[in-house]
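In: Can you look at this prediction? I've put the sequence above it.
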Amino acid sequence: MGVSGTDSTTFSRELAALKRRGCAVLVVADRGHESTAACERLLGGVGLERRHVFLTTDASVDELLARRTAGTHERDPASLGVVDATGAVRTRSAAASTPAGNEPSPAIGAWYDAVDTLDDLTTLYALLEDHVRRVARDDADPGELRFCLDALDPFLDAVDPESLFRFVHLLTSTVREVDGMGHVHTTSDPRRDPLATLEPLFDATVHVDADTNGVRQRWELTDAGIETDWFPLD
């Protein structure tokens, strides 16, 4: 069902409701400008107060932090948390407490943790939960906390589907509990397993690509049963 004309009001209303009560969005896009543009939009618009938590498996920490809106680039533990898995290997071992290869500068602080394996999901979730609850605290307004997992795809190969389902379920539930808005990037086809099993854990799926007119997006809002037409990401 395409959404156009007066139906665009319904889509906007449903999307606003998701932001108010906390939600998780699956972003389907090839890595590159399209994915980055979608990430910047979902992290929050210019001039809006936002707090951010990142789990990175692909992009450098500095690259992710550059996507934050003007005025929020500082590495302040009150408004930022990062778990860096870019140096992780696909073997079962304990999570590390020392930074991986993409160590940002300046010096590491309370806002940063690193892990050296993708499949110790218990430890990984504990780190992320600590960051989310610390950054959100008790005074965050609905939609103020924004979470980003920059690439889900490495987990699809490194972790068994059942364990990954539990991890994503816990993670998305925690973001919703603090009325936050989380998004998870993937380049995989959401119609095929194992991603097809995970997609119902998200409140919405947004497909992003580019045509001759620029970057465009198409949304699917699961509970509302809404699927939009393609429209510009601007």
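Out: Nice, I can see it.
In: in this protein, which spans are helices?
Out: Using DSSP state H, the helices of the chain run over 7-21, 33-43, 61-65, 121-136, 153-158, 161-177, 195-198.
In: just for the chain, where's the confidence low?
Out: Filtered on pLDDT under 70, the chain yields the residue ranges 1-6, 46-47, 69-73, 89-108.
In: let's see 90
Out: 1-9, 31-33, 44-49, 64-76, 88-109, 138-140, 157, 211-213, 222-225, 234 (pLDDT under 90).
In: Can you add mean neighbour count and distance to Asp229 and give the helices of the chain back as JSON lines?
Out: The way it works is simple: take the backbone N, C-alpha and C, and place the C-beta from them, glycine included. Formatted as JSON lines, these follow (neighbours: other CB atoms under 10 Å; distance: least, CB to CB, whole Å):
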{"stretch": "helix 7-21", "mean neighbour count": "14", "distance to Asp229": "9"}
{"stretch": "helix 33-43", "mean neighbour count": "19", "distance to Asp229": "17"}
{"stretch": "helix 61-65", "mean neighbour count": "19", "distance to Asp229": "30"}
{"stretch": "helix 121-136", "mean neighbour count": "19", "distance to Asp229": "34"}
{"stretch": "helix 153-158", "mean neighbour count": "17", "distance to Asp229": "27"}
{"stretch": "helix 161-177", "mean neighbour count": "17", "distance to Asp229": "26"}
{"stretch": "helix 195-198", "mean neighbour count": "18", "distance to Asp229": "23"}
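In: Which stretch among those approaches Val206 most closely?
Out: When the helices of the chain are compared by CB to CB, helix 33-43 sits nearest Val206, at 6.7 Å.
In: Who are the packing partners of the closest one?
Out: Using 3 or more CB pairs under 8 Å, 6 or more residues apart in numbering; DSSP states H and E, the elements in contact with helix 33-43 are strand 23-28, strand 145-149, strand 181-186, strand 204-211, strand 214-221.
In: I'd like to know how many residues surround Asp203.
Out: Number of residues near Asp203 (other CB atoms under 10 Å) recorded here: 24.
In: re earlier: the helices of the chain: which one's closest to Asp211?
Out: The closest of the helices of the chain to Asp211 is helix 33-43. By CB to CB, the value is 10.4 Å.
In: just to revisit the earlier point, output the helices and strands packed on helix 33-43 as CSV; include the columns distance to Arg67.
Out: Shown next, in CSV, are the helices and strands packed on helix 33-43 (distance: least, CB to CB, whole Å):
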stretch, distance to Arg67
strand 23-28, 13
strand 145-149, 8
strand 181-186, 12
strand 204-211, 14
strand 214-221, 14
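In: Tell me which of those approaches Gly44 most closely.
Out: When the helices and strands packed on helix 33-43 are compared by CB to CB, strand 145-149 sits nearest Gly44, at 5.5 Å.
In: what angle separates the closest one from strand 23-28?
Out: Counting by axes from the mean of the first three to the mean of the last three CA atoms, to 10 degrees, strand 145-149 lies at 30 degrees to strand 23-28.
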